[in-house]
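A.B. asks: build me a model from this:
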Amino acid sequence: MQVQELLRRVDPGALSGSGVRSPTPQTVPGAQSAPPFAELLRRAMESPPGTGVRFSAHALERLSERDIRLSPGELELLGRALDRLAQKGAQDSLVVHPRAAFLVNVPNRTVITAVDLDQMRERVFTQIDSALIL
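C.D. replies: Numbering: from 1, shown residues only. Below you'll find the model as predicted:
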C-alpha cells in the first residue's frame, strides 16, 4: 500500500514529536532525496488516486500496526461503499470488508479506524448509524 510505503520513509524522530531527529537521515536506495515529513504526511492524508477515500492519522497507525494492506482494487471498493452510504444519508458507518472492518465518516469520506478480523470478534461498535457489508 502506498501509504505504508510513505510511512516507512518517515524519520522516527519526526513522529515522536520530541524534535529529536535521528543522526543519519534515512534514504531510499535510488532516491535523490526524501521529501520533508510534512510533505509525506500531506500526501498520506490525501485520497489515494481515484478513490476519494482519506485516512485519518489514527487509521494510518492502525493499518500499519495491524498490517492491514489494501490493494488499489480494495480501495476502489471502499470508495464505492462510501458512495452507496452517502446516497443513503449515512454519517458514521461500519464497512465490513472480508479481511477487516473500517469505521468511516461518510460526509468527509474518511476512514477513522480499522480493525482486522481477529480483533472484530466480540467487539461492540458504537456511535454508528449504518453498516455496509462488502
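
A.B. asks: show me where this structure dips below the pLDDT cut-off.
C.D. replies: Where the chain drops to pLDDT under 70, the residues are 1-51.

A.B. asks: show me which helix runs longest in it.
C.D. replies: Identified as the longest helix of the chain according to DSSP state H is helix 72-87.

A.B. asks: pull up the pairing partners for the helix or strand just after it, direction included.
C.D. replies: Going down the chain from helix 72-87, the next helix or strand is strand 92-96, by DSSP states H and E. In the sheet, strand 92-96 lines up against strand 100-105 (antiparallel), strand 130-133 (parallel) (DSSP bridges).

A.B. asks: nearest to residue 79, out of these?
C.D. replies: Ranking the strands paired with strand 92-96 by proximity to residue 79 (C-beta to C-beta) places strand 100-105 first, at 10.5 Å. Every C-beta, even on glycine, is put in place using the N, C-alpha and C of the backbone.

A.B. asks: how about residues contacting the closest one?
C.D. replies: 59, 66, 68, 78, 82, 85, 91-95, 110-117, 120, 125, 128 (C-beta atoms under 8 Å, 6 or more residues apart in numbering).

A.B. asks: pull the CA atoms of the helix or strand that contains residue 113 into CSV?
C.D. replies: Per DSSP H and E, residue 113 falls inside strand 110-116. The C-alpha coordinates for strand 110-116 follow below in CSV (Å, rounded to 0.1, in the frame of the first residue of the first chain):
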residue,chain,number,x,y,z
THR,A,110,-12.5,9.5,5.8
VAL,A,111,-11.6,6.2,7.4
ILE,A,112,-11.4,6.8,11.1
THR,A,113,-10.0,3.4,12.2
ALA,A,114,-9.6,-0.1,11.0
VAL,A,115,-9.6,-3.5,12.7
ASP,A,116,-8.7,-6.9,11.3
